[in-house]
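Peer 1: Model the following, please.
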Amino acid sequence: MGYKVIISGGGTGGHVFPAIAIANALRRIEPEIEILFVGANGRMEMERVPEAGYEIIGLDIQGIDRSSLWKNLALPFKLIGSFMKARKIIRDFEADVAVGVGGFASGPLLMAANDRGLPTLIQEQNSYAGVTNKGLGKKAKKICVAYEGMDKFFPAEKIILTGNPIRRDSVAIEGKREFALQIFGLQPHKKTVLIIGGSLGAKQVNGYVLDVIHELGEKDDVQFIWQTGKTYYEDMERMLKLDQLIPGNVKVFPFLERMDLAYAAADLIISRAGAGTISELCVVGKPLILIPSPNVAEDHQTKNAQALVAKNAAVMISEADARGTMMYVALELLADEAKCASLSTEIKKMAMPDADEVIAREVLKLLNR
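Peer 2: Reported below is the predicted structural model:
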């Protein structure tokens, strides 16, 4: 076919994994298609995209640093530089269409694509659209969303409810529980709580777990898988000598390479409320406690979580309340089989497992115009 697609964005797993899923779906449907990624230098996409078998070019771009105004002084210059580089990338690659999945690189690349008259498609993962995507949506041909009611942010005629693309291998949990428990060194007769803080980890959630770590060790009937994030794992290992502190029924990992096994082992999941993670968890269908991060643009994780709570598909605890209540709510919920069964039933109703292919076909429609 000879068509060429640029996919831009990243920064966190919530942007990177959907981008790769869309690319994989495009390749499945149209094997001859050429795909180029554009990311932000120093961010996780620069590592993860090549691992998935795709070429990526980095832009020297950053987000607004809310902790230090001085660090933002170079931002306008980086934006202009990234826009000019994006124009050159589009021209040199001879792109036919551009797809934005959110993250730092998405803005300059889609702006450059719009400037050159290329058709663009936005994949908005959250229930509350960010400022950049709202602006880009005015010129985009299609806007693929994961939540209902997004016409308050985008022109209704451009919106397609697709769900968020997920890592298909991560949610393939059927028949894996016994093997998963063996891999993690867990007991089959005990209930298992999985604690995840997103692809980069969650400092506050890690702190709350450490606060009650000795109490967790006293639980005879419950065991835990805890993903800390690589950065926080190294800090805790250095400061706290993890091997001496962590009880035997708590298995600690900096990063879970096999999310399918972690999901398969879990009876209950405690998680941040990133859009990509929630989309996976809807397919997994396990009882879920969400602790939204308040440190994200437009507080979109809280809005993502509220969308599930409104449908009785999850329990939400604010970060302000989580320190004193997170583990006690989890253990109470784990003991309530009827409530767990109800949450599981309702969250499965929200699953949209084929989002990657639906979005890929929308991209191909833009190519065939």
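
Peer 1: Can you show me the strands along this structure?
Peer 2: If DSSP state E is used as the criterion, the strands of the chain fall at 4-8, 34-40, 55-59, 97-100, 120-124, 142-145, 159-161, 191-196, 222-227, 250-253, 268-271, 288-290, 315-316.

Peer 1: tell me the most buried of those?
Peer 2: strand 97-100 (a mean of 29; mean count of other C-beta atoms under 10 Å). For the C-beta atoms, the positions are set from N, CA and C on the backbone; glycine is no exception.

Peer 1: List the neighbouring strands of that one plus their orientation.
Peer 2: Each strand paired with strand 97-100, and its direction, by DSSP bridges: strand 4-8 (parallel), strand 120-124 (parallel).

Peer 1: Can I get the strands of the chain in TSV including mean pLDDT and distance to Leu333?
Peer 2: Below are the strands of the chain laid out as TSV (pLDDT from 0 to 100; distance: least, C-beta to C-beta, whole Å):
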stretch	mean pLDDT	distance to Leu333
strand 4-8	97	38
strand 34-40	96	38
strand 55-59	96	41
strand 97-100	97	37
strand 120-124	96	31
strand 142-145	97	30
strand 159-161	97	30
strand 191-196	96	10
strand 222-227	94	11
strand 250-253	89	18
strand 268-271	97	6
strand 288-290	97	7
strand 315-316	98	7
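
Peer 1: Dump the strands paired with strand 97-100 to CSV, plus distance to Asp260.
Peer 2: What follows is the strands paired with strand 97-100, written out as CSV (distance: least, C-beta to C-beta, whole Å):
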stretch, distance to Asp260
strand 4-8, 24
strand 120-124, 23
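
Peer 1: Dump the strands of the chain to a markdown table, plus distance to Glu47.
Peer 2: Shown next, in a markdown table, are the strands of the chain (distance: least, C-beta to C-beta, whole Å):
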| stretch | distance to Glu47 |
| --- | --- |
| strand 4-8 | 16 |
| strand 34-40 | 10 |
| strand 55-59 | 9 |
| strand 97-100 | 20 |
| strand 120-124 | 21 |
| strand 142-145 | 26 |
| strand 159-161 | 31 |
| strand 191-196 | 20 |
| strand 222-227 | 18 |
| strand 250-253 | 18 |
| strand 268-271 | 23 |
| strand 288-290 | 27 |
| strand 315-316 | 32 |
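
Peer 1: Now do the end-to-end distance for stretch 261-277.
Peer 2: 15 Å (C-alpha to C-alpha, to the nearest Å).

Peer 1: An error on my part: the question was meant for stretch 89-106.
Peer 2: One end of stretch 89-106 to the other measures 13 Å (C-alpha to C-alpha).

Peer 1: tell me which residues in it are buried?
Peer 2: Buried residues in stretch 89-106, counted by 16 or more other C-beta atoms under 10 Å: 89-90, 93, 95-106.

Peer 1: what does stretch 339-350 give?
Peer 2: In stretch 339-350, counting by 16+ other C-beta under 10 Å, buried: Cys340, Leu343, Ser344, Glu346, Ile347, Met350.

Peer 1: Next step: those restricted to helices.
Peer 2: The members of those that map onto helices under DSSP state H are Cys340, Leu343, Ser344, Glu346, Ile347.

Peer 1: could I get the residues you listed as JSON lines with distance to Pro247?
Peer 2: Shown next, in JSON lines, are those (distance: C-beta to C-beta, whole Å):
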{"residue": "Cys340", "distance to Pro247": "24"}
{"residue": "Leu343", "distance to Pro247": "27"}
{"residue": "Ser344", "distance to Pro247": "28"}
{"residue": "Glu346", "distance to Pro247": "33"}
{"residue": "Ile347", "distance to Pro247": "30"}
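
Peer 1: which regions of this protein sit below the pLDDT cut-off?
Peer 2: Within the chain, the stretches with pLDDT under 70 are 1, 62-72, 198-201, 239-244, 369.

Peer 1: Now with 80, please.
Peer 2: Counting by pLDDT under 80, the chain shows low-confidence ranges at 1, 13-14, 62-78, 197-202, 231, 234-245, 295-298, 368-369.

Peer 1: Would you tell me which helix is longest in it?
Peer 2: From DSSP H, the single longest helix across the chain is helix 75-93.

Peer 1: tell me the angle of that one relative to strand 55-59?
Peer 2: 150 degrees (axes from the mean of the first three to the mean of the last three C-alpha atoms, to 10 degrees).

Peer 1: Now do helix 75-93: distance to the chain's middle.
Peer 2: Taking the mean of its C-alpha atoms, helix 75-93 sits 26 Å from the chain's own mean (C-alpha atoms, centre = their mean, to the nearest Å).

Peer 1: Stretch 124-133 too?
Peer 2: Taking the mean of its C-alpha atoms, stretch 124-133 sits 13 Å from the chain's own mean (C-alpha atoms, centre = their mean).

Peer 1: same question, stretch 97-110
Peer 2: On the basis of C-alpha atoms, centre = their mean, stretch 97-110 sits 16 Å off its chain's mean C-alpha point.

Peer 1: What's the end-to-end length of that stretch?
Peer 2: 10 Å.

Peer 1: now swap in stretch 284-303 and tell me
Peer 2: This stretch, stretch 284-303, spans 21 Å end to end (C-alpha to C-alpha).

Peer 1: Over to stretch 186-193?
Peer 2: Stretch 186-193 has an end-to-end distance of 11 Å (criterion: C-alpha to C-alpha).

Peer 1: do the same with stretch 27-43
Peer 2: 24 Å.
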